[in-house]
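Trainee: Generate a structure from the sequence data that follows.
(3 chains)
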Amino acid sequence: MEFRLSELAARLGLTLRGDDCVVTGVGTLESAGPDDITFLADAKYAALLDTTRAAAVVVDEAHAAGVGRALVSANPYMDFARILFLFTPAQGCLEGTGVHERAFVHPGAEVDPTADIYPFAFVADGAKIGPRTRVFPGCYVGEGCVIGEDCTLYPNVSLMAGTVLGNRVMIHPGAVLGADGFGYVPTDDGRQKIPQVGRVVVEDDVEIGANTAIDRAMLDRTVIGHGTKIDNLVQIAHNCILGEHCTIVSQVGIAGSTKVGRGVIMAGQAGVADHVTIGNDAIIGPQCGVRTDVEEGRRMGGHPAMDYGTYMRNMSLAPKIPDLFKRVKALEKELAALVTKRTGEDNE
Amino acid sequence: MEFRLSELAARLGLTLRGDDCVVTGVGTLESAGPDDITFLADAKYAALLDTTRAAAVVVDEAHAAGVGRALVSANPYMDFARILFLFTPAQGCLEGTGVHERAFVHPGAEVDPTADIYPFAFVADGAKIGPRTRVFPGCYVGEGCVIGEDCTLYPNVSLMAGTVLGNRVMIHPGAVLGADGFGYVPTDDGRQKIPQVGRVVVEDDVEIGANTAIDRAMLDRTVIGHGTKIDNLVQIAHNCILGEHCTIVSQVGIAGSTKVGRGVIMAGQAGVADHVTIGNDAIIGPQCGVRTDVEEGRRMGGHPAMDYGTYMRNMSLAPKIPDLFKRVKALEKELAALVTKRTGEDNE
Amino acid sequence: MEFRLSELAARLGLTLRGDDCVVTGVGTLESAGPDDITFLADAKYAALLDTTRAAAVVVDEAHAAGVGRALVSANPYMDFARILFLFTPAQGCLEGTGVHERAFVHPGAEVDPTADIYPFAFVADGAKIGPRTRVFPGCYVGEGCVIGEDCTLYPNVSLMAGTVLGNRVMIHPGAVLGADGFGYVPTDDGRQKIPQVGRVVVEDDVEIGANTAIDRAMLDRTVIGHGTKIDNLVQIAHNCILGEHCTIVSQVGIAGSTKVGRGVIMAGQAGVADHVTIGNDAIIGPQCGVRTDVEEGRRMGGHPAMDYGTYMRNMSLAPKIPDLFKRVKALEKELAALVTKRTGEDNE
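Mentor: Predicted coordinates:
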């Protein structure tokens, strides 16, 4: 893979400052070699411009003067991400070979001729797989699943029966969509399973992390909205509805029937109770425990979740709590002494 | 799939009110169509009885009058769950075909002729698989595993050597049973692995969620008791003993050698330390951190775990802690002023 | 498997007290049968020496007198672990058979002739697999992966393109190495993916637990240092650098670009923020939430993380916080009464 800087500038609508050359790779300001292109997104690393060995740097106007060969960008981080796409071949070593003879595709399934089904992938009866979608080894696509265009199912992904994926959905290895929700009726003989007959619906441009689990609905649908990004090891329970463009960081857990608005961010290891509504653009902090509805645009922290400002004050106060107990005890003693003294005086 | 209401009433011992008809599907009060059956389990949704399009509703006696066609039940939720079973075909598209030619079954394994082993499943030497058990694609059944009757191993489940499953055990995709426990002896050259030579034993009627991990014992056994239900992404460490009919919600972690009694409930993301004993029917709250033994029937919350009532009071007080610091400071000032004044007066 | 006690003593450099005999298995003091060998590592279980049925016990000098047949050791736990290795056959039922005809190995891959590649394992173009390494069913080894000697990839492990493993690395079922890091640029049209073009590098003697996820770097490398042990369901984000001989317990999450020193211990469910540095030999407590750098040798607890001693005091004080509010209220009332009284007196 190699590109002339002038070619990159033309493709991305950037301005080239300095002489043209060929770049063959990418790196950070510190790791880039003399044939690599790099970027400066955060001014605090500007000093590294003096020492980088990179052939060229994607920078904003303010820092372009300090760079031998610059691709000047209004958003260097975004434009460098676009350059990375050019340098990054898709993973997979059997691209364009269609259904491999060592894959299993049920005669009742429909696979677009431009899709790739790798060895040891299993496509069940009634499943439909769209154009240019790639199903890696060890994936299971259950009965009646419908997968759109340009999706990627990395190795060992399990889609249980009836799961629906839109277009350009990317699912990382080991993720499980459409396993039974965790629903039981308590009885005298223990818990009786409630069959989970709904499904999981994933809209366009969603990305789902490694070993994440998204359960099918009891009835109806569990929905992941358009453009939402879900990290690794996340749990999304039955009947949850996630809005568009949410960001759900690793190890978050969302309990059943919770509704999450548009653009919500949940930081790592946060937990949300069942049947809760999270408003648009809310931000849930790391390890935060949300038990009740969160209004639009609110930022929450702590366990139990509280207003983020309050939480940050609590964070700074927590180490002082042992001292607070001492101070209260001292106050009590002092006040008691005062009262005793007064009483003594009164009795005099 | 279709049933006459009279047939459902007869099968489940319910009373039909209104005229008979055929139902072909299931739904919620809101989503059910004119050929579907639905249910009312919680009186707070009773208003939806007026607007539902459902053909029939499973309801209790108190609400039956408001329904055109009612199946009257003492426990509508449980009876609707039983109806769901009738409407839900088992997943899988190769039922009843036995060992598929693209499965791998070691010659030293014993597979009951009524069991189904899907393509790309692997059954190792000495493993035994009982009647009507289904092993989906990508499963691994290690050496000497023993699996009972009517079990389901959904795709990509790994049972490491020696794992024992009772009857009617259901394991969701990606779960791992019998991987090595996390045991090391510290030495001057780092940590030396302690071989884990025990096994995992799962009793009858257990359900295990997607991507959950249950480690083999160092010696002896890790045990999951009869009827216990475990959700997704749960960690159960080596040598844990879980009693009967426990409910372990998603992302719970239980450290090594901990003993959990009968009927214990652990809510999402709770953690329990090693070598702890949890009494029967205890309830551990969400994200709760348990470090010490919990008595029978106790309900615990918070991190560190404390009595649930105390925890709930703390929950409501936490946002007021910054204010408490201010109040104590004000008290100190006021008291100091008072003392100064008195001292002044005394000195007068 | 059977050994004479004299043989075990000779191999491990221990002293045999009592007559020689053959042992055929291992167990705990409680579970061992009359042909088994067991151990006493913790003096609090010494009373069990009187009742154990074991043929022999690995004990320290102080307890050897109470044992019929003793293998006397300066470190009974470590020496018993070494005995366990002798009694534990490696898992796997196709050892020494090389590349199985039902595995898929790309013609562009290089597999050492002493390596075993099980059925349904997939080895991609350009991958290299070293001597005596075993790749179990359902594993995926992506393009250009390099795996050293004596490694074990248990079933359904996914190594994405470019992942590098040293020697003697053991990866438990379902773990995913080298999936894309969770990196996006916010734009007006939602989040644009930043291609993740780095890789995961795992040094020698590392062990990685079931269903753990370690993401590839955006650029450069995510590194797991020599001898580090990682438990199940752990999340390690892109560009993390973990030092040598760390111990990372189940369900820990480490966010992007965090640097972890040598010998660090993180207990279960702890979380560490991104771009943080954890000093050598630091200890992070269970469920602890670390947001800022931790100095070498420090022990941290709680969320937010604080000094462990402070945290332990807070732990004991937390249940008393409701009472503290009451005490402050009482003080306020009492002080107000006092002031009122004084004011009244002053006004007299």
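
Trainee: rest of the way, CA atoms for contacts and neighbours
Mentor: Fine.

Trainee: Now A:Ile248. Its backbone dihedrals?
Mentor: A:Ile248 adopts backbone torsions of phi -120, psi 110, taken as degrees, to the nearest 10.

Trainee: Can you check what pLDDT the model gives it?
Mentor: The model reports A:Ile248 with a pLDDT of 98.

Trainee: any idea how far it is from chain B?
Mentor: 15 Å (C-alpha to the nearest C-alpha, to the nearest Å).

Trainee: can you pull the contacts of that residue?
Mentor: A:228-231, A:234, A:265-268 (C-alpha atoms under 8 Å, 6 or more residues apart in numbering or on different chains).

Trainee: What of A:His172?
Mentor: A:153-155, A:157, A:207-211, C:179-180.

Trainee: for these, which one is nearest C:Asp35?
Mentor: When the contacts of A:His172 are ranked by distance to C:Asp35 (C-alpha to C-alpha), A:Asn211 comes first, at 42.8 Å.

Trainee: For the closest one, what are phi and psi?
Mentor: Per degrees, to the nearest 10, the backbone of A:Asn211 is at phi 60, psi 20.

Trainee: Could you list the low-pLDDT ranges of chain A?
Mentor: Applying pLDDT under 70 to chain A flags residues A:345-348.

Trainee: Now do the helices in it.
Mentor: In chain A, the segments counted as helices under DSSP state H are A:5-12, A:61-64, A:76-87, A:308-317, A:321-347.

Trainee: Of those, flag the one that's most buried.
Mentor: helix A:76-87 (a mean of 20; mean count of other C-alpha atoms under 10 Å in any protein chain shown).

Trainee: so what are the domain limits for chain A?
Mentor: According to automatic domain parsing, chain A comprises the domains A:3-87, A:104-310.

Trainee: Whatever residue of chain A ends up closest to chain B: how many residues sit nearby?
Mentor: Closest residue of chain A to chain B, C-alpha to the nearest C-alpha: A:Ile194 (4.9 Å). Neighbour count for A:Ile194, taken as other C-alpha atoms under 10 Å in any protein chain shown: 22.

Trainee: Then A:Ile241?
Mentor: Going by other C-alpha under 10 Å, the residues that sit close to A:Ile241 add up to 22.

Trainee: List the residues that contact it.
Mentor: Contacts of A:Ile241 by C-alpha under 8 Å, 6+ apart are A:222-225, A:257-260.

Trainee: A:Glu101 too?
Mentor: A:Pro119.

Trainee: coming back round to it: which ones among the contacts of A:His172 also lie next to chain B?
Mentor: Counting by C-alpha under 8 Å from any C-alpha of the partner chain, A:Asn211 from those sit close to chain B.

Trainee: Export the contacts of A:His172 as CSV, with columns for neighbour count.
Mentor: Putting these into CSV (neighbours: other C-alpha atoms under 10 Å in any protein chain shown) gives the following:
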residue, neighbour count
A:Leu153, 27
A:Tyr154, 26
A:Pro155, 33
A:Val157, 29
A:Glu207, 24
A:Ile208, 29
A:Gly209, 28
A:Ala210, 36
A:Asn211, 34
C:Ala179, 28
C:Asp180, 27
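
Trainee: between the contacts of A:His172, which is nearest B:Glu244?
Mentor: Nearest member of these to B:Glu244, counting by C-alpha to C-alpha, is A:Asn211, at 27.9 Å.

Trainee: Double-check the closest one against C:Ile214; I have them as touching.
Mentor: No - using C-alpha atoms under 8 Å as the test, A:Asn211 is too far from C:Ile214 to be in contact (10.9 Å).

Trainee: joint contacts of the two?
Mentor: Counting by C-alpha under 8 Å, 6+ apart, the residues touching both A:Asn211 and C:Ile214 are C:Val176.

Trainee: Return the residues of the stretch 151-300 of chain A in contact with chain B.
Mentor: Residues of the stretch 151-300 of chain A lying near chain B (C-alpha under 8 Å from any C-alpha): A:156, A:158, A:161, A:174, A:176, A:179-180, A:182, A:185, A:190-195, A:197, A:211-213, A:219-220, A:233, A:235, A:253, A:255, A:271, A:289.

Trainee: List only those of those flagged as buried.
Mentor: A:156, A:158, A:161, A:174, A:176, A:179-180, A:182, A:190-195, A:197, A:211-213, A:219-220, A:233, A:235, A:253, A:255, A:271, A:289 (16 or more other C-alpha atoms under 10 Å in any protein chain shown).

Trainee: Please list which of the residues you listed also come close to chain C.
Mentor: Filtering those for neighbours of chain C using C-alpha under 8 Å from any C-alpha leaves A:156, A:174, A:211, A:233.

Trainee: How much space separates A:Glu207 from C:Tyr184?
Mentor: A:Glu207 sits at a distance of 11 Å from C:Tyr184 (criterion: C-alpha to C-alpha, to the nearest Å).
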